[in-house]
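> Build me a model:
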Amino acid sequence: MSTGDSRDDRMIKPVILTFAACLVGYALLFSCDAHLRENKGPWEITFDTPTNGAPGIIINQPDLGITNVTIRFEGQPFAQSNATTIVVYDNPRKQPAFGELRFHDLSYLPGTITLLLFNHEIELIPRGLYINREVIPWSDAREFSLKPTNSAPPLHSKRMKKEY
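Residues are numbered from 1 along each chain as shown. The predicted model follows:
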């Protein structure tokens with residue numbers, strides 16, 4: 001009977017060491033992933049409705065070198081005037097000050113944000129700005145003035161499919 005007890009005693013130490021190594025490895029990988037998810041920071045969008053001008057947005061993402069990219073929506077009536085709201089998209093629950101949030105993927109910041117503003121689809125992706133599904137490299141993006149449109153771009157069919 002004493003032989004069985006010593007074998008059990010010899011098994012306890014490797015099991016505890018393996019568990020401790022797994023726990024330390026998990027903690028290191030989890031903290032590394034958390035750092036990768038947040039290290040570039042979120043999109044910052046200023047929603048601006050001046051009293052005597054067109055409503056618009058100003059896009060900033062300092063870690064990607066994107067500063068003060070302005071999009072104005074000419075000829076758009078807007079009830080609020082002389083209001084400025086800054087929305088930092090670091091949380092999926094954040095909503096734009098005007099317009100509609102069509103899509104967001106904030107898994108790894110800055111992520112992807114798609115807005116529908118005055119029937120114009122504005123998509124922010126680290127590799128480029130998409131205005132009505134036309135890509136504009138961030139290096140060329142400075143200031144845009146968009147005219148009214150009658151209908152919004154349709155929803156992306158790939159995003160609408162439910163895959164199980």
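> make it CA atoms for all contacts and neighbour counts henceforth
Fine.
> next structured bit after the helix or strand that contains Asp8?
Element membership of Asp8, judged by DSSP states H and E, is helix 2-38. Per DSSP H and E, the first helix or strand lying C-terminal to helix 2-38 is strand 43-49.
> what helices or strands is the helix or strand just after that following strand leaning on?
Note on strand 43-49: by DSSP H and E, the next helix or strand toward the C-terminus is strand 56-61. Secondary-structure packing of strand 56-61 (3 or more Cα pairs under 8 Å, 6 or more residues apart in numbering; DSSP states H and E): strand 43-49, strand 66-73.
> outside of strand 56-61, which residues touch it?
Outside strand 56-61, the residues within contact range by Cα atoms under 8 Å, 6 or more residues apart in numbering are 41-49, 66-73, 110.
> Derive a PyMOL selection command for the buried subset of the residues you listed.
Selecting only the buried entries of the contacts of strand 56-61 in PyMOL, with 16 or more other Cα atoms under 10 Å as the criterion:
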select buried, resi 41+42+43+44+45+46+47+48+49+66+67+68+69+70+71+72+73+110
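> domain ranges for the protein?
Annotated domains of the chain cover 1-39, 43-159 [automatic domain parsing].
> Check those for me: which has the lowest mean pLDDT.
Per-stretch averages of pLDDT across the domains of the chain put domain 1-39 at the bottom, with a mean of 84.
> Report the secondary structure state of Ile122.
What DSSP: H, G, I helix; E, B strand; the rest coil gives for Ile122 is strand.
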